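Asks: compute the structure for the input listed below.
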Amino acid sequence: MVILSLLILNRGNVLKPDIVKDKKQLGLVPQTGNEEKETTKNLCTVFQRPGLIWAVLAGVTNSAYAILLGSVAHVTTPMQSLFISSAFLLVLVVFISWKESESYDWRDLGLYILCGFLHSVGTGAGTIAFVLTSTADASAILYNKAIPASLIACIFVGERLDIVDGALLFVNGVGLVLVCKTSVDKSTSDDGSSVLGMFLACFGVSCFSFLYNFVRLLAMRKTADPPLIAFMFGFNGVVISSIYLSITGSWIFPKCDQITLYICLGSVTIFEFYSFTQALAAENAYIVAASITLSVPLTYCYEVIFTNRVIVWQTILGVVFSIGSTVILQAKSYFHDQTDVRY
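Replies: Numbers count the residues shown, from 1 in each chain. Below you'll find the model as predicted:
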């Protein structure tokens, strides 16, 4: 999704000093008084860190985005679903001011264009995967880019993996294999569509992993501008999808109920963008990144409740492995950055 690559733009930042001013607000110093006062103090701490609330909302809207993206793709086509979400994002970004005075060289512009292309291709592949297989299974793979991105970072950013990173990479890989295997096994179709869906989901997360590191390169060059990045996402999505739909003649004129679905998808796309940017403005990027994992179990809950899906234990184990390893990686990076700042 468009916002996932923006997470690294706040990389290394600790809690904002204007939000958390002392250790008491963090709950590190024991409070005196009765239990009721302590509970009230903890609640105040949460509300004094609005970034946490926005991060949770970002994870929830990320799940809603995946569900609506797949729903629109089922009633129209995957490319038209990509066009709708990209068009709404493009309209939103027009009203957001970016760094007009910033000067970019050809490397920066090339990275911006490449980021927009990778996002559109990855989202398109993921949307097709939503149609060919379960939305929850495909999203469990698509929103699992943190660990593959850390592996790719060894090439583009020069990072090194330690033993813990290697173990997390192995556990994450086992989790993805379990999700893919159970998704293919439960398919009732013999045309290989579920296999193709899993392949496209893996291809999509590969695009997002490369995208993640290219945005990091922009951040390292101090030329990363979130509105401009989002503009490239929306622009590339609109251009690629409209060209494909025009060449293949697969435009579908919406019906009344489909128009409502389009508006819901566009609204969720806008609110997801807003909630992620608000979370990043007030909270550490690793905490916001961990909130993405909320979308995966929520999507599975949606399928269990509204589609009567029965989830086997292998899928649950695979999701736990993939989500758990991702959260541990984000927590490890978060505490590592805090230690560096402290010393």
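
Asks: could I get the pLDDT score of residue 4?
Replies: For residue 4, the model assigns a pLDDT of 41.

Asks: same thing with residue 254?
Replies: Per-residue pLDDT puts residue 254 at 81.

Asks: for it, grab the count of nearby residues.
Replies: 15 (other CB atoms under 10 Å). Bear in mind the C-beta positions are built from the backbone N, C-alpha and C, glycine included.

Asks: how about the contacts made by it?
Replies: 76, 262 (CB atoms under 8 Å, 6 or more residues apart in numbering).

Asks: buried ones in stretch 230-243?
Replies: Buried residues in stretch 230-243, counted by 16 or more other CB atoms under 10 Å: 230-242.

Asks: which helices and strands sit right next to the longest helix belonging to the chain?
Replies: The helix spanning the most residues in the chain, taking DSSP state H as the definition, is helix 313-342. Counting by 3 or more CB pairs under 8 Å, 6 or more residues apart in numbering; DSSP states H and E, the packing neighbours recorded for helix 313-342 are helix 135-142, helix 146-156, helix 163-185, helix 285-291, helix 295-306.

Asks: rerun at 6 Å
Replies: helix 146-156, helix 163-185, helix 285-291 (3 or more CB pairs under 6 Å, 6 or more residues apart in numbering; DSSP states H and E).

Asks: nearest to residue 321, of the buried residues of stretch 230-243?
Replies: Lowest distance from residue 321 to the buried residues of stretch 230-243 (CB to CB) belongs to residue 233, with 29.8 Å.

Asks: correct me if wrong: the closest one contacts residue 119.
Replies: Yes - Residue 233 lies in contact with residue 119 (CB atoms under 6 Å); the separation is 4.6 Å.

Asks: helices of the stretch 1-150 of the chain, residue ranges please.
Replies: For the stretch 1-150 of the chain, the helices defined by DSSP state H, counting those that start in this stretch cover 23-26, 35-47, 50-75, 78-94, 106-132, 135-142, 146-156.

Asks: any chance of the ones you listed in TSV, plus mean pLDDT and mean neighbour count?
Replies: Formatted as TSV, those follow (pLDDT from 0 to 100; neighbours: other CB atoms under 10 Å):
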stretch	mean pLDDT	mean neighbour count
helix 23-26	38	13
helix 35-47	50	11
helix 50-75	89	22
helix 78-94	89	22
helix 106-132	92	21
helix 135-142	90	29
helix 146-156	81	19
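
Asks: for residue 308, find the nearest of those.
Replies: The nearest among the helices of the stretch 1-150 of the chain, by CB to CB, is helix 135-142 at 13.2 Å.

Asks: which one is residue 323 nearest to, not counting chain neighbours?
Replies: Spatial nearest neighbour of residue 323, chain neighbours left out: residue 293 (4.7 Å); criterion: CB to CB, 6 or more residues apart in numbering.

Asks: try residue 156
Replies: Nearest non-adjacent residue to residue 156 (CB to CB, 6+ apart): residue 213, at 4.6 Å.

Asks: please name the residues that touch that neighbour.
Replies: Contacts for residue 213 (CB atoms under 6 Å, 6 or more residues apart in numbering) come out as 152, 153, 156, 157.

Asks: pull the contacting residues for the first one.
Replies: Pointing back at residue 152 there. Residue 152 touches 209, 213, counting by CB under 6 Å, 6+ apart.

Asks: hmm, try it at 8 Å
Replies: By CB under 8 Å, 6+ apart, the contact list for residue 152 reads 209, 210, 212, 213.
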